[in-house]
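Novice: requesting a structural model of the entry that follows:
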Amino acid sequence: MAGDTERIEQDIAKAREDLASTLDALAERANPQRLADDAKSKALATLQTPAVKYAIAGVGALVLLIVVRKVAK
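Specialist: Purely as a prediction, here's the structure:
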């Protein structure tokens, strides 16, 4: 009977440790600063792709053309 109690206490202690490490991992993953940094680096990586660069340049040139035409009229 005493062995069962000790084993149960050890199981509870192990479960607490596992829960604590899981909570620590979740807290790290949900850290707002880390989430913001990840989003920023993903956005910068996307903007560095050639397709996005050319699309932005094309839109900029189109806006510039429209503005020049409006001013010229």
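Novice: which residue ranges of this structure form helices?
Specialist: Using DSSP state H, the helices of the chain run over 2-29, 32-47, 50-72.
Novice: where does this protein have low pLDDT?
Specialist: Residues of the chain that meet the criterion pLDDT under 70 lie in 1-2.
Novice: if we can go back for a sec, TSV for the helices of the chain, including mean neighbour count?
Specialist: Every residue, glycine included, has its C-beta placed from N, CA and C. Formatted as TSV, the helices of the chain follow (neighbours: other CB atoms under 10 Å):
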stretch	mean neighbour count
helix 2-29	10
helix 32-47	10
helix 50-72	10
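Novice: look up how far I56 lies from L44.
Specialist: Taking CB to CB, to the nearest Å as the measure, L44 falls 13 Å from I56.
Novice: whoops, A36 was the one
Specialist: In this view, A36 and I56 are 23 Å apart by CB to CB.
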